[in-house]
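1. Sequence first, predicted coordinates after that:
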Amino acid sequence: MHNLTRTGPRWLPGILAAGAAALLAWALHTLLPAVPLLTIAVALGIIVGQLPSARPALTGALAPGLSVSAKRLMRLGVVLLGLKLSLGDIASLGWVTILSTVAIVLLTFGGTLWLGRLMGLPGHQPLLIATGFSICGASAIGAMSGVVKAKDEETAVPVALVTLCGTLAIVVLPILWHPLGLSNLQFGHWVGAGVHDVGQVVATAQIAGPAALAVAVVVKLTRVLMLAPMVAVASVAERSRVRRVNNGAEETGKRPPVVPLFVAGFIAAVLLRSFVAVPDAVIEGADTAQTALLAMALFGLGSAVRLRDLVGTGWKALAVGLVSWALIAALAWVAVMISA
C-alpha cells in the first residue's frame with residue numbers, strides 16, 4: 001500500500017503526463033513530418049523541464065512516473081525495436097558494409113569515450129555520450145544509463161547533446177550530399193552510418209528517394225544491433241566495479257546481470273523476426289507500440305535536462321558532442337567510399 005496514492009499508483013500521474021506528451025509529439029509530427037516524432041518528444045521534455053512553473057510537479061507528483069517512463073518503458077521500447085531488424089536484412093548489405101558499420105560504431109565509441117575522459121567530463125557522461133553518438137541516440141543513452149546506474153544529471157547532458165547534433169544532421173547532411181559527390185544510394189548509406197536516432201535517419205534519408213531510405217534504415221538498424229553487445233560489456237564492467245567496491249567494504253548492493261533482461265529480449269526479438277514469419281499486422285502493431293513507448297521514455301529523459309546546468313558545465317561537454325558528431329560523419333563517409 002505504501003506505493004499507492006489516494007487515487008492510484010504513485011507512478012500513474014507521471015505516466016499519464018508522458019503519454020499526453022507522446023500524443024502531442026505525434027500531432028506535431030503529423031503537422032511537421034520532416035521532424036522525427038522522437039526528436040519532438042525529447043524536445044518537449046527539454047522545454048517543459050525549463051519552465052519554473054513545471055519544476056515542482058516534475059520533481060514531485062510526476063517524478064515517479066517520469067522515472068518509470070525513462071527507464072522501464074525505454075527498455076520495453078528497445079525490446080520491440082528488435083522486431084524491426086532481421087539477420088537477413090543485415091546479410092543483404094554485404095560483408096564490406098557490415099564490417100565497416102561495426103568499425104564505425106567501435107571507433108566512434110572508443111574515440112568519444114577517450115575524449116570525454118580527457119576533457120574531464122564527470123561520472124558516466126563520457127560513456128553515455130559515446131553510447132548515444134555511436135549507436136542510436138537518446139534510446140541508447142537510456143538503455144546504457146539503466147545498466148550503469150547513472151544519475152539523472154549524468155544522463156540529461158548526453159540526451160541534450162545527441163538531440164542537438166542529431167537535429168543538426170537533418171539539415172547539414174543534405175547540404176553536403178551533392179558537394180561530396182554521393183549518389184542517392186551512397187547518401188542513404190552515409191546517413192544510416194552517421195546519424196544517431198532512427199527517426200532522424202528516416203527524416204534525412206527520405207529526400208534521396210525510397211531506395212536510399214531503405215539502405216539507410218538497414219545500415220542504421222545494423223548499428224542498433226550493436227547496442228546489445230555494448231550494453232552487455234558495460235554490464236560486465238559494472239559487475240567488476242561493484243565486486244571491487246564490495247571487497248573493499250565501501251559499498252554493498254546487488255550486482256547487475258551479465259546480460260540485462262531487456263538486452264536478451266532485444267536479441268530474442270531480432271531472432272524471432274529472422275526465423276519466424278511474423279504477420280505484418282503484428283510488426284506494424286509492435287512498431288506503433290515501440291514508437292509510443294520510446295516517445296514517452298524520451299519525454300521523461302528530456303524533462304530531466306536543465307539547460308542552465310548544461311551551460312554551467314562549460315564548453316567541454318558540447319565540444320565532445322560536436323567532435324563525436326564530426327567523427328562519426330567522417331568515418332561514415334570513408335565507409336561509403338570504401339564500399340563504392
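-> Good, I have the coordinates.
2. which is the next helix or strand following the lowest-mean-pLDDT helix or strand in the chain?
-> Within the chain, no helix or strand scores below helix 307-312, which has a mean of 68 by mean pLDDT, DSSP states H and E. Of the helices and strands lying after helix 307-312 in sequence (DSSP states H and E), the nearest is helix 316-339.
3. That following helix packs against which elements?
-> Where contact means 3 or more C-beta pairs under 8 Å, 6 or more residues apart in numbering; DSSP states H and E, helix 316-339 is packed against helix 95-118, helix 125-131, helix 152-177, helix 184-194. The C-beta positions use only the backbone N, C-alpha and C, and glycine is treated the same way.
4. Correct me if wrong: residue 286 contacts residue 82.
-> No: with contact defined as C-beta atoms under 8 Å, residue 286 does not count as touching residue 82 (9.3 Å).
5. Would you mind telling me which of these two has more residues around it?
-> Set residue 286 next to residue 82 and count neighbours by other C-beta atoms under 10 Å: residue 82 wins out with 27 against 19.
6. Quick one: low-confidence residue ranges for the stretch 201-340 of the chain.
-> 242-243, 245-259, 309-314, 340 (pLDDT under 70).
7. Can you show me the helices along it?
-> Listed in chain order, the helices of the stretch 201-340 of the chain (DSSP state H, counting those that start in this stretch) span 210-225, 227-247, 261-275, 280-303, 307-312, 316-339.
8. Buried residues in the third one, which are they?
-> Going back to what we said before, that points to helix 261-275. Neighbour-count burial for helix 261-275 flags 262, 263, 265, 266, 267, 269, 270, 273, 274 (criterion: 16 or more other C-beta atoms under 10 Å).
9. packing partners for that helix?
-> Where contact means 3+ C-beta pairs under 8 Å, 6+ apart, helix 261-275 is packed against helix 74-81, helix 87-91, helix 227-247.
10. mind checking which of those is nearest residue 186?
-> Ranking the helices and strands packed on helix 261-275 by proximity to residue 186 (C-beta to C-beta) places helix 87-91 first, at 18.8 Å.
11. Now that closest one: buried residues?
-> Applying a neighbour-count criterion of 16+ other C-beta under 10 Å, one finds 89, 90 buried in helix 87-91.
12. Can you spell out which helices and strands pack onto that helix?
-> Short answer (3+ C-beta pairs under 8 Å, 6+ apart): helix 87-91 packs on helix 210-225, helix 261-275.
13. What residues sit buried inside stretch 221-236?
-> 221-228, 230-232, 234-235.
14. How far off centre is it?
-> 12 Å (C-alpha atoms, centre = their mean, to the nearest Å).
15. got it, and stretch 109-124?
-> With C-alpha atoms, centre = their mean as the basis, stretch 109-124 stands 18 Å off its chain's centre.
16. Report the secondary structure element holding the residue nearest to the spatial centre of the chain.
-> When the chain is reduced to its mean C-alpha position, the nearest residue by C-alpha atoms, centre = their mean turns out to be residue 139, at 2.5 Å. In this structure, residue 139 is located in helix 137-148 according to DSSP H and E.
17. hmm, back to that, I'd like the buried residues of stretch 221-236 as a markdown table, with distance to residue 160 appended.
-> Shown next, in a markdown table, are the buried residues of stretch 221-236 (distance: C-beta to C-beta, whole Å):
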| residue | distance to residue 160 |
| --- | --- |
| 221 | 25 |
| 222 | 26 |
| 223 | 21 |
| 224 | 21 |
| 225 | 26 |
| 226 | 23 |
| 227 | 20 |
| 228 | 25 |
| 230 | 21 |
| 231 | 21 |
| 232 | 26 |
| 234 | 21 |
| 235 | 25 |
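18. Nearest to residue 43 among those residues?
-> Among those, residue 224 lies closest to residue 43 (C-beta to C-beta), at 21.6 Å.
19. Which residue, neighbours along the chain excluded, lies closest to that closest one?
-> Distances taken as C-beta to C-beta, 6 or more residues apart in numbering put residue 136 closest to residue 224, at 4.8 Å, once the chain neighbours are dropped.
20. measure the one you found to residue 109 for me?
-> Distance of residue 136 to residue 109, given as C-beta to C-beta, to the nearest Å: 12 Å.
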